[in-house]
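>>> The sequence isn't on hand, but the structure is:
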């Protein structure tokens, strides 16, 4: 623990010193749980996000959307977030500081997430938990907390309560009608969104693991629950995942995703499919595959909407950390919004194999009454009457017409009629499978797994072995000296690389070449090029590969072409 | 006006119907000033943002950062935003609805932005402005408003006020020390950030022009005010910009950026440089160059921090709209944060050409007193005493040491000393030039300028002539029929394109080919490919160019390669 703690300190300090990830607003004293991505971290974060988006959109049935972070209260009441209080807070009686109850009992229970307020109080009392601020051991009873940031939209009388979104998912549900139209009314399809999420943590800690504002990325995949999903798992036939089922259901095991779905350990094949694709993404951006496991949520820990949920956990400096949640949300969300708003546009159409003839009773307008009363609207009134799903026995009642107006129907205007109608299909609420990613947690673990400490000439030496596809800087440009025109030549190459799509270099002119290589290695620059006096004569420069220090001479034009086409490694 | 209003209605309706830009939270009744980017708009927005980032980072001395949107109050007090009340609100006495005062007097004054509360009240009274809600003409006096969304960080006693950021700029100022280190202490350099900004508009209107949550993108470029900037304007030597100086300073004119800087119409060459580079960006993403003009802020309209400011305005369906502000902020922001925090890390070092010998008076610790009192800290105390810039005559006083502690200095501990010191340079506050972009407004105008209405066979026909570099979808995949294996072949090609980096296609299988071309043209898909029975025989497909309808047959492999390398147009 001590050794790994010291390593964590060194990594954190490097990230801060080099402008990768820094505490935000530091000159103003900082705010716990808010971080900046600095001159190195900014592009790294964007490349990781773009990799994520491209990974999913490459599937062909997934599109990107973007919705506001400010969310009116009514949406989050419907979704269950306003009434959700899964987190508990305990307040120290002596110093009045508040802490998350599950954090206080950390280590006293294998999974504090699932405890109720009473259970938390019992453990806090039994274990005489000390207040981290003042050391006292007297606590008020744990109370449930809603951790959303609240604000108000508009001024004065017109103002209304809103929250900063706790997840991006609601944006995709709101857009279901537009998505359904876009995909020409054919399921399955999905939408992704990557953006900020907010959680007003009581006592943030653990660096990038528990933030108040975080980068998240979610995919909502809409399916017809009556259609058996077809997924091709052949790509993962030789790979075994570490699976940790709900302890009541089974023991940890190693198994491929297809078998796990077949044996009903993973309860839905589409959940297994997204677990497999998630594994691909994580490994692709540089997560060590031996440090990934999938853990199934226990019943009491499952979010209010989920019918099965597996977390992808990554092992790193903070132990096993949940970085992705892959949940089968059923039709929970769409049904909740339909109930709250009465809007029927969140449904999809399922045609019957054969048309069905059904007998039913409808309300029909009496032509002799309807005609004179409603005149040119009589047709609309008749249609609306026939489409009523529930027959009324109370009169008069208000009837909405498709033109947006409504009329009052008296008892003498209508009569009940039994008819036969031919039905070609039905409207239903799609089910949703949702892989939700904590981008900051994944980025943190990418850095953690890439951080390679060794020695060089008796001195500590660190290399950040980032995958070149997400490295913040592609090339370091190092003129041997900043004179004789070496600096100008170096600057020209630097400009050319920066002006090339998807490439970024940085110019570093001072210090010994060895120290400059070390600076580049420390932040994971995959390639360094040195401009020396031979460069002035024949134009060639030396390129050095970060991962093995191997060098070769190359012409700048060939270099830029090979970098742009991602074929540079093949030259070695 | 009527014709252009009808065009605006048709454009807005198309954007909504096709899932480009839609009112957000619509099934919950919607919120004015909040919009969604739908299945078509999501990727369009991201490509525009990425183009923006790449445009600036290609310069080689600009890096990307990302900072939180939640901003503690102290930062925005220091920056002047909490005390800033440039917007006025008028409340109707009869219905109590509030409106922006400058909106109420729209059309009654050439530039309502610059009016004071009294001037606004005078115009409202003189013109008998009617309340848009109830029609009454009695108004309470205009009062200044702070339009930030406020929230609270943390719970209970530890809670503190914060705001959703009104601009991204503060994040770059906070990171100045990290940027300065990253660029190895050499000015000039810049940082960009693209993300959400927030403004709690009283009465949002005009679609995408006035939003409560918007996508913005800002560049802070840090310069030494004593170094004459070197900018190469040769690229723009044949281009004349439309310039509209402050009316007190001159008349509208056409002039290149270099000449405008030389003649001091644009007051700083770096401002002229960023105006020119802004022009490149706007034209590059599809803004009609004849619809761009640069308007200089009048003295009273200038933000609290600016010493010169030019807006890039774009002409479209809402008239001339400010889409970019290019401001010379001087050292306003860095100085403000230095004053508020006492932190000296927001300065840069300027070496003198020759070391300077200066006579000065310092406070020196008396060794016989300092030593015994402060022991191993005596050295730190002496250093801190010598570095005091203002000599104190009041005792005792508190002295901060570099180790973060502080000590109390009594009068008997020190003596004044006159010394000669050699100074090699000085610390100064860099100046800042800031181009700030409203991404949504630019995106709106890109769509507005691309929206091309014509006729085909007597029917209205619209083509969205988006630049292929930002089009939401690169290729439409159209099987002639969804049988005989044409659908499978089409799906394979669709999968291949989606799996190719930076490419996205969509599959559209139903309706006549003509209608499917029209659907693709309507949202600006640059390329459509048709799979027919000949494709089954020899593999070739037909590719059609959006802009002229020209077609040719091509093998799918060649097609994907040409699309990926952006050389497809050369094949025609």
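Received it, and whenever you're ready, just let me know what you need. Everything numeric here is computed off the predicted structure, so don't read it as measured data. Numbering: from 1, shown residues only, chains lettered A, B, ... in the order given.
>>> what's the residue minimising distance to the centre of chain A sitting at in phi/psi?
By CA atoms, centre = their mean, chain A has its centre lying nearest to residue A:217, at 2.5 Å. The phi and psi torsions at residue A:217 (degrees, to the nearest 10) take the values phi -150, psi 120.
>>> tell me the contacts of it?
Residue A:217 sits next to A:49, A:52-53, A:168, A:192-195, A:436-437, A:439 when contact means CB atoms under 8 Å, 6 or more residues apart in numbering or on different chains. No exception for glycine: its C-beta is placed from N, CA and C like everyone else's.
>>> could the residues you listed be laid out in JSON lines, adding secondary structure and neighbour count?
JSON lines is the format used below for the contacts of residue A:217 (DSSP: H, G, I helix; E, B strand; the rest coil; neighbours: other CB atoms under 10 Å in any protein chain shown):
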{"residue": "A:49", "secondary structure": "helix", "neighbour count": "20"}
{"residue": "A:52", "secondary structure": "helix", "neighbour count": "21"}
{"residue": "A:53", "secondary structure": "helix", "neighbour count": "20"}
{"residue": "A:168", "secondary structure": "coil", "neighbour count": "24"}
{"residue": "A:192", "secondary structure": "strand", "neighbour count": "25"}
{"residue": "A:193", "secondary structure": "strand", "neighbour count": "24"}
{"residue": "A:194", "secondary structure": "strand", "neighbour count": "22"}
{"residue": "A:195", "secondary structure": "strand", "neighbour count": "19"}
{"residue": "A:436", "secondary structure": "strand", "neighbour count": "21"}
{"residue": "A:437", "secondary structure": "strand", "neighbour count": "26"}
{"residue": "A:439", "secondary structure": "helix", "neighbour count": "20"}
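>>> Nearest to residue B:71 among these?
residue A:195 (17.3 Å; CB to CB).
>>> Name whatever forms a beta bridge with that closest one.
Counting by DSSP bridges, residue A:195 is bridged to residue A:216.
>>> How about residue A:44, nearest residue that isn't a chain neighbour?
In space, and not counting its chain neighbours, residue A:44 is closest to residue A:472: 4.0 Å by CB to CB, 6 or more residues apart in numbering or on different chains.
>>> Helix or strand: which one has the one you found?
Here residue A:472, judged by DSSP states H and E, is contained in no helix and no strand.
>>> Surely it and residue A:526 touch.
No. Counting by CB atoms under 8 Å, residue A:526 is not a contact partner of residue A:472; they are 10.4 Å apart.
>>> Would you mind giving both backbone torsions of the nearest residue to residue A:413 once chain neighbours are set aside?
Nearest in space to residue A:413, with sequence neighbours left out and distances taken as CB to CB, 6+ apart, is residue A:369 at 4.7 Å. With angles defined as degrees, to the nearest 10, residue A:369 shows backbone torsions of phi -100, psi -50.
>>> Equivalent analysis for residue A:401, please.
Dihedral angles (degrees, to the nearest 10) for residue A:401: phi -100, psi 160.
>>> Any figure for the gap between it and chain B?
Relative to chain B, residue A:401 is positioned 20 Å away (CB to the nearest CB, to the nearest Å).
>>> can you pull the pLDDT of residue A:362?
Predicted confidence (pLDDT) at residue A:362: the value is 83.
>>> right, I mislabeled it, should have said residue A:156
According to the predicted model, the pLDDT of residue A:156 comes to 65.
>>> dump the residue contacts of residue A:220.
With contact taken as CB under 8 Å, 6+ apart, residue A:220 is in contact with A:169, A:172-173, A:190-191, A:432-434.
>>> redo that, cut-off 7 Å
With contacts defined as CB atoms under 7 Å, 6 or more residues apart in numbering or on different chains, the neighbours of residue A:220 are A:169, A:172-173, A:190-191, A:432, A:434.
>>> Just the ones of those residues in helices?
Among the contacts of residue A:220, the subset assigned to helices under DSSP state H consists of A:169, A:172-173.
>>> the strands in the stretch 51-200 of chain A, which residues?
Counting by DSSP state E, counting those that start in this stretch, the stretch 51-200 of chain A has these strands, from start to end: A:62-64, A:70-72, A:87-91, A:98-100, A:143-145, A:150-153, A:160-164, A:189-198.
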